[in-house]
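>>> Could you work out the structure for the sequence below:
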Amino acid sequence: MQKLRKRFAEAGLRVAATVANVAFSYTDGGKTMNALIIGTTSDNGSFWVVTVFRSSGGS
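Predicted coordinates for the structure are as follows:
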């Protein structure tokens, strides 16, 4: 996140940026699946950007 804030500052933008990570497990057809969701937001007052990444796999 600090890298992103630095890039915004270098571009002369005042942007509030945050990140949230959520890891969880669930069962699909008897197989345990591990999942990770990463969400980011950035807001400078004129625009608001939301990005969500997801990953899952069996164990």
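
>>> Next, count neighbours for Gly12.
Counted with other Cβ atoms under 10 Å, residues neighbouring Gly12 total 6. For glycine as for every other residue, the C-beta is placed from the backbone atoms N, C-alpha and C.

>>> Quick check, pLDDT for it.
The model reports Gly12 with a pLDDT of 84.

>>> In which helix or strand does it reside?
Under the assignment given by DSSP states H and E, Gly12 is not contained in any helix or strand.

>>> Helix or strand: which one has the residue nearest the centre of the chain?
Centroid check for the chain by Cα atoms, centre = their mean gives Gly39 as the closest residue, at 2.5 Å. Element membership for Gly39, per DSSP H and E: strand 31-43.

>>> ok, and what's touching the next helix or strand after that strand?
The element immediately downstream of strand 31-43 (helix or strand, assigned by DSSP H and E) is strand 48-58. Judged by Cβ atoms under 8 Å, 6 or more residues apart in numbering, the contacts made with strand 48-58 from elsewhere in the structure are 31-43.

>>> Listing partners with orientation, what would you give for strand 48-58?
Take DSSP bridges as the rule and strand 48-58 pairs in its sheet with strand 31-43 (antiparallel).

>>> Tell me the buried residues in the partner strand?
Neighbour counts over strand 31-43 (16 or more other Cβ atoms under 10 Å) mark 40, 42 as buried.

>>> what does it rub up against?
Strand 31-43 has contacts (Cβ under 8 Å, 6+ apart) with 4, 8, 15-27, 48-59.

>>> how about a cut-off of 10 Å?
Under the criterion Cβ atoms under 10 Å, 6 or more residues apart in numbering, residues 1, 4-5, 8, 13-27, 48-59 lie in contact with strand 31-43.

>>> Most remote residue from the middle of the protein, which is it?
Relative to the centre of the chain, the most outlying C-alpha is that of Gly30, 28.6 Å out, by Cα atoms, centre = their mean.
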